[in-house]
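>>> pasting the sequence and the predicted model now:
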Amino acid sequence: MTLHPALALALGLAIVGALMFLVVPRGGLMGWWRRAREGTMRVLIEDALKHLYDCEEQGTPPSLQSIAGTLAVSTDRAARLVQRLESLGLVRMPAAAMELTPEGRSYALRIVRMHRLWESYLADETALRETEWHREAERQEHHLTPREADALAARLGNPGFDPHGDPIPSPGGMMPRRTGVPLTSVQKGTVARIIHLEDEPPSVYAQLVAMGLYPGMQLRMISNTPEEVRIAVNEEERVLAPLFARNITAAPIPPAEILEKPYRTLDSLAPGCESVVLGISRTLRGHQRRRLMDLGIVPGTSISPELVSVGGDPTAYRVRGTLVALRKKQAEQVFIGEGNAKT
C-alpha cells in the first residue's frame, strides 16, 4: 500500500521529532535522564563526603558498610562511589584506610555549612517543627550555591552555631570551637547548661524534644550511673537512658550565672490570677517567637488567663486589654513571675 505523499511527510516529521525529543543532548528525554543521573550522583557524592567528615570529627573509622548504611545503597554501589571519590581526588586510601583529602574536606565543609545554615533558617524564619528541620535541610543542602549560602548567612546575622548547637563553618572552612562534654560525663551535683542536642538518629532527637530539652536550658545533675541519668530541670526530674544522655552536650555554669529560683511558665497560672511576663523560652524561635511578641507577650507585660475552652486547650489570656488564645504548648514557653489574685 502506498501512502499519500502528504501523509508520508507528516509521518516522517513525527518520527524525526520523536527521535529528537529522545536524543537531543540538552532538551530531549535522554538529556533529562543524564541530568537526573548526574544530579543523583552528585547528591551521593556530597552525602558520602559529609559522612566521611562526620566520622573524622567523631574519631571513628569509616567503612564501605557505614557509607552504604548512611546512604541507603548496596555495599557494591558504595564501593563504586568510593572509587569515584578517589578518582576525583576527594578521598585517598592509604594502607587500605579511607580519608578525605584537603579538597574533599573543603567540599564536605561547604555541604555542612549549607545544611546548618538552612536549619537555622528553618528555625528562625518558618513555623516548621524542630523534628523536621534536619530532614528538610538534608534536601535543600544540595541545591544551594556557595553565593546563596553566604547571602543566607548574612540574612540570619552570620550565626556561629545552628539551632541544635552545632558549629557552622565559615565560607573559608573555619569551624567555631566546640565546647562542653556529653551529659554522661557531668558529675553529680553539677549545674550545667545544654549547649548541643544531636539530631541524629531522628527517633532519639524526637524523644529529647518531647522531654522539653533544648540548647540553652539549665539543669542540675541528680545522679549519673551506667543504668540511668537523672537531671532536674526547673526542679522537675527527668530520667534518661545513657543512650539518650550521650546525645546531649552540656557545659558547667559559673556560680554567678546560675539561676537559683525555679521559674514558672504561663500554663501554670490559675484563672483569676495575674502575673508579669519575664521572658520567652529559647526553644521558641523565629516565626513562632515573633508571633508571641507581636501579640504583646514581652518582658514586663501583665498577663492573666480569662477563658478556658471546654477541652481545656486553648486558653484565652488578657494581654494589654486584648484577649489572646494560646495553646498549652505555647504557654509552656512563656516564663512568668509569681501570680497574684486579680483585684
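Okay, I see it. Numbers count the residues shown, from 1 in each chain.

>>> phi, psi of the closest residue to residue 100 other than its chain neighbours?
The shortest distance from residue 100 to any non-neighbouring residue, by C-beta to C-beta, 6 or more residues apart in numbering, is to residue 52 (5.4 Å). The way it works is simple: take the backbone N, C-alpha and C, and place the C-beta from them, glycine included. With angles defined as degrees, to the nearest 10, residue 52 sits at phi -60, psi -40.

>>> what is the burial count for residue 131?
Counted with other C-beta atoms under 10 Å, residues neighbouring residue 131 total 15.

>>> for the chain, which segments count as helices?
5-23, 29-58, 64-71, 75-87, 102-125, 130-140, 146-155, 202-210, 242-245, 286-294, 328-331 (DSSP state H).

>>> buried deepest among those helices, which one?
Among these, helix 102-125 has the highest mean neighbour count (mean count of other C-beta atoms under 10 Å), at a mean of 21.

>>> and that helix, what does it pack onto?
If you count contacts as 3 or more C-beta pairs under 8 Å, 6 or more residues apart in numbering; DSSP states H and E, helix 102-125 packs onto helix 29-58, helix 130-140, helix 146-155, helix 286-294.

>>> could you identify which of the ones you listed has the lowest mean pLDDT?
Of all the helices and strands packed on helix 102-125, helix 29-58 carries the lowest average pLDDT, namely a mean of 74.

>>> low pLDDT regions in the stretch 51-200 of the chain?
For the stretch 51-200 of the chain, no stretch has pLDDT under 70.

>>> pretty sure residue 53 is touching residue 110, no?
No: if you go by C-beta atoms under 8 Å, residue 53 and residue 110 don't touch, sitting 10.5 Å apart.

>>> returning to what we had before: tell me which of the helices of the chain sits nearest to residue 187.
helix 242-245 (13.3 Å; C-beta to C-beta).

>>> returning to what we had before: let me have the helices of the chain in TSV, adding distance to residue 232 as columns.
Output for these, formatted as TSV (distance: least, C-beta to C-beta, whole Å):
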stretch	distance to residue 232
helix 5-23	67
helix 29-58	29
helix 64-71	36
helix 75-87	45
helix 102-125	27
helix 130-140	23
helix 146-155	37
helix 202-210	16
helix 242-245	14
helix 286-294	26
helix 328-331	22
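
>>> just so I know, which of the ones you listed lies nearest residue 162?
Here helix 102-125 is closest among the helices of the chain (C-beta to C-beta), at 4.0 Å.

>>> ok, now which ones touch the closest residue to residue 42 other than its chain neighbours?
Once flanking residues are discounted, residue 42 sits nearest to residue 142: 7.0 Å by C-beta to C-beta, 6+ apart. Residue 142 makes contact with 42, 43, 46, 111 under the criterion C-beta atoms under 8 Å, 6 or more residues apart in numbering.

>>> residue 191 too?
Here residue 191 is in contact with 218, 219, 220, 221, 252, 253, 258 (C-beta under 8 Å, 6+ apart).

>>> distance of the spatially closest residue to residue 251 that is not a sequence neighbour relative to residue 241?
Spatial nearest neighbour of residue 251, chain neighbours left out: residue 180 (4.1 Å); criterion: C-beta to C-beta, 6+ apart. Distance of residue 180 to residue 241, given as C-beta to C-beta, to the nearest Å: 20 Å.

>>> those two - which one has more neighbours?
Taking other C-beta under 10 Å, residue 180 and residue 241 do not tie; residue 180 has more neighbours (18 against 12).

>>> looking at it, that one is touching residue 197, isn't it?
No: if you go by C-beta under 8 Å, residue 180 and residue 197 don't touch, sitting 11.3 Å apart.

>>> which of the helices of the chain sits closest to residue 272?
helix 328-331 (16.1 Å).

>>> distance between the closest one and the chain's centre?
Distance of helix 328-331 from the chain centroid (C-alpha atoms, centre = their mean, to the nearest Å) equals 22 Å.

>>> cool, and stretch 189-209?
Worked out by C-alpha atoms, centre = their mean, stretch 189-209 lies 12 Å from the chain centre.

>>> ok, the spatially closest residue to residue 319 that is not a sequence neighbour - contacts?
Nearest residue to residue 319 in three dimensions, chain neighbours excluded: residue 296, at 4.6 Å (C-beta to C-beta, 6+ apart). Residue 296 sits next to 319, 320, 322, 324 when contact means C-beta under 8 Å, 6+ apart.

>>> with distance to residue 152 and pLDDT as new columns, can these be given to me in a markdown table?
Output for those, formatted as a markdown table (distance: C-beta to C-beta, whole Å; pLDDT from 0 to 100):
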| residue | distance to residue 152 | pLDDT |
| --- | --- | --- |
| 319 | 34 | 92 |
| 320 | 35 | 88 |
| 322 | 35 | 88 |
| 324 | 32 | 89 |
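
>>> which among these end up buried?
319, 324 (16 or more other C-beta atoms under 10 Å).

>>> please save the CA atoms from stretch 75-83 in CSV.
Coordinates of each C-alpha in stretch 75-83 appear next as CSV, following Å, rounded to 0.1, in the frame of the first residue of the first chain:
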residue,chain,number,x,y,z
THR,A,75,27.8,-2.2,49.5
ASP,A,76,28.8,-2.7,45.9
ARG,A,77,27.4,0.7,45.0
ALA,A,78,29.2,2.2,48.0
ALA,A,79,32.5,0.7,46.7
ARG,A,80,32.0,2.2,43.2
LEU,A,81,31.2,5.5,44.9
VAL,A,82,34.4,5.5,46.9
GLN,A,83,36.3,4.7,43.7
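
>>> many thanks, have a good one.
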